[in-house]
Structure formats: structure tokens, C-alpha cells
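Participant: Fold the stuff below for me.
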Amino acid sequence: MTPLAACSSGGGGDQATVEPARAVDAAALVHISATGQVDPSKPFTVTAEPGSRLTDVTVAGPDGRLVAGKLADDQRSWQSTGHLKAATSYAVRVAADDGKGGRGETSSSFSTVAAQRLLTAKLGPDSSGSGVYGVGQPLTVQLSEPVKDPAARQEVERSLAVTSQPAVVGAWYWVDDSNLHFRPKDYWPADAKVSLAFDGEGSRISDGLYGGAPATLALRTGDRVESLVDAATHELTLSRNGVPVRTIPVTTGKPGFSTRNGTKVVLGQERVVRMSGETIGIAAGSQESYDLQVEWATRVTWSGEYVHAAPWSVASQGVDNVSHGCTGMSTENAKWFYDQTRVGDIVRVVNSLGAGMEPFGNGFGDWNVSWDDWLKHSATGQPVSTAARSGQGQVASVALPQL
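Facilitator: Numbering: from 1, shown residues only. Predicted coordinates for the structure are as follows:
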């Protein structure tokens, strides 16, 4: 019978031993592609001298984040695969084996040169006032120069972070090469805290173009205020948080000047504004001309469509459409509407003979774009969650305006 093998703590047998690795100067075993000032658009490489191999390479930025890289199958070379930032210092650590039982580590550093072209972003809306907006307010980004390449646009979107409490699902829309809008799938929740940040400083956008100075924006939403203007029944109904508050008689645009159908967002409010027919192409002195000082004016398009006081048409309000495109009401009702409304609130017009509200360029017609079409104009084509990212500060930590 073959005897069984057994472990023994006793002496007498041959003992297997593992020789410790011999320490060597790894600086003589490797070649680092660059030191000093390097071009961030080119990959950073480390190669092993003949007979040696690389066992580990790390390249870390000043924030401790590692640059992605790939070690060759034969362990003779390593090359960065992640983008290097411009004007940034990096620490390099390399471990190597000389193939003769010797191992060691060496370190180095390098800095990337500053970019010749920097992309910056102007964030909106401007919250220098109250910082409280209606639930229909889109977020806007105006880039310092056009970005056309699809891959570069994806880099821009990755440099933009939207967070909110409560979180929603939204997406970016490239209005043109220099302007993006962000909106949720549905309106923002009432009483939400919203933060927008551009944080691509030093990051490569495209050849020769890198992210510039970071920018941040914080705002709140107020109640969900929606006004429905029915041009057929000549009524405006204002609802707050889903509950109708008041229905008031109005007049909208007459034939030839019909009010635009669709969803609009309040752009601003003016206690008194001068309105002239010449601004919409009506010749002075013609039958349709007008030049008036108008009170309690709430603007919904840049081309001059307002909800405002129209004491001259009270007899037609609730009965007929006689305006040149605006929604008119009594002075008392216009003041009430003015006081109930803020920038970013929703005004939706139905049953008018007018064309549809333009999605862009004449105010914020963003909500007239279907969600599926909205996603098609994102560089990634994907929805975005506004939940705070891992390691990212919560929105509550941002200095926000008081309601």
C-alpha cells in the first residue's frame, strides 16, 4: 500500500525556500517618455529596457485621480488611454522586474502645457435676482465657441452636471453648435433645489480645445403655476400645484394676428411697458397701428407676446378675440395674474388659429418638443438622472436663495 503524504514540523527533510526579491534601482530598468512640459494631446508612455518588464505603472493628477492606461501583454510597455488635462501636474510611479530576480520602484513627474484654446460656459438662467423660478424654466449653457464634432459634444455633456432635490430624469438638447438646453422629461418638481455646474477645466474637448474655468449655478423652483389660455372660450385658468385658482375672461389675437398655440414659459414681467405696432411690422398711421403704455405685462415671447392689462377691450374679453396677439384682460385681473406669476411659470395656449410656438429662438418653447425628439438632440442620446453622483456634494450644500 502506498503510504500517505503528511506535513511535518520536524526537521530532517529538504525544505522548499523562496528567495526574497533583490532590490534594484528601477530607474535603470525603464524609460519614461517625457518629463517637464509635455503635450496633453499625446499619450504618455513608459517602456522597459531589454530583459526587464513592467509590473505596475500609475499616473495620478493633483487630486489623486489615476489616469487610465494599458499594460502590454508582454509587460514591456505601458501607455495612457485616458485623456491628460492641460496645465496639470502628474506624479508617476513605476515598478519593474529586471528578469534576474531583482525588483524595484522609481518615481517621476511631469506637467502638461497650457491649452491654446479654452472652452468656457455661460450658465443660465441668471439667478442674480431672487433665484426662484417656475417649474418650466430650462437650464441653458452658452459655449464660448462652436462645438460641432459628435465626440466633442459628448465631452461637453460629460463636463456638465445637473443635480436636483428631488431628483428627476432629464436630458441635454443641442439647440445649435454653441447653445444647449437642459429640461426634465416633465416639469421640475415644485420647491426643488437645482444645481448646474460646468467642470471640465483642463479636460480635452477636441484637438487643441480644452475645458476652461469652471462655473456653477444654483436656483430653486417655487409652486407649480400653470395658466391655460383657451382662445375658443376666451378664458384663462390659473392653477397652483394642480388646483385651479381662478378663471378670468380674456381676449387673444384676432385673425391675422392670432396668438401662438402651445406651451410658453414666462420670460419676464414689467410694471409698465410701451407697446408699438411698428415692432411687429404694422405701419405707423395704418388702421391697425397702436402705440400704448401697457400695465402689468407678463412677457412670454421675445417677439412681444404678453399677458397684460387691456382696459380698452373689456367688452370683448370672454366674448371675442380682438388683440394683436397678446392675451388681454382687465387691469384688476392683469395685476392679480402678475402677482401670482414668476419667471419660469407655464402659460399654455390652445384652440387659437395661430401657428405653434417656436421651440427655440423666441423664448422657451422647449416643452413643445416631444421627449423622444428631445433625446435625439443630445450628443449621447441618453436621459440623465439629476441624483447627486457618488462623491459629489449634495445640492443642499450649495448656497441657495431663500423662498
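Participant: Can you pull out the low-pLDDT segments for the stretch 201-350 of the chain?
Facilitator: 276-280, 282-283, 285, 287-291 (pLDDT under 70).
Participant: Contact partners for the residue nearest to V350 when sequence neighbours are not counted?
Facilitator: Closest residue to V350 apart from its sequence neighbours, by Cβ to Cβ, 6 or more residues apart in numbering: D230 at 5.6 Å. Every residue, glycine included, has its C-beta placed from N, CA and C. By Cβ atoms under 8 Å, 6 or more residues apart in numbering, the contact set of D230 is L236, T237, V350, N351.
Participant: Next, work out how far apart the first one and S203 are.
Facilitator: Plainly put, L236 is 48 Å away from S203 if you go by Cβ to Cβ, to the nearest Å.
Participant: The second one now?
Facilitator: As for T237, its distance to S203 is 48 Å (criterion: Cβ to Cβ).
Participant: Just want to know which of these two has more residues nearby.
Facilitator: Per other Cβ atoms under 10 Å, whichever of T237 and S203 has more neighbours is S203, with 22 against 15.
Participant: Identify the bridge partners of Q142.
Facilitator: For Q142, the beta-bridge partners are K122, N179 (DSSP bridges).
Participant: Touching, it and L119? I think so.
Facilitator: No: counting by Cβ atoms under 8 Å, Q142 stays clear of L119, with 11.2 Å between them.
Participant: which one of those two has more residues nearby?
Facilitator: Neighbour count, other Cβ under 10 Å: between Q142 and L119, L119 has more, with 25 against 13.
Participant: Show the contacting residues for the more buried one.
Facilitator: The neighbours of L119, taking Cβ under 8 Å, 6+ apart as the test, are L143, S144, E145, V147, V156, G200, I205, L209, Y210, G211, G212.
Participant: For the first one, which residues are in contact?
Facilitator: If you count contacts by Cβ under 8 Å, 6+ apart, L143 has them with L119, T120, A121, V156, D177, S178, N179, L180.
Participant: Swap in 6 Å and give it another go.
Facilitator: Residues near L143 by Cβ atoms under 6 Å, 6 or more residues apart in numbering: A121, S178.
Participant: Equivalent analysis for the fifth one, please.
Facilitator: Counting by Cβ under 6 Å, 6+ apart, V156 touches V147.
Participant: so which strand or helix has it?
Facilitator: V156 belongs to helix 150-158 when assigned by DSSP states H and E.
Participant: Closest to V46 out of the contacts of D230?
Facilitator: Comparing the contacts of D230 against V46 with Cβ to Cβ places V350 closest, at 65.8 Å.
Participant: if we can go back for a sec, and the next helix or strand past the helix holding V156?
Facilitator: Going down the chain from helix 150-158, the next helix or strand is strand 160-165, by DSSP H and E.
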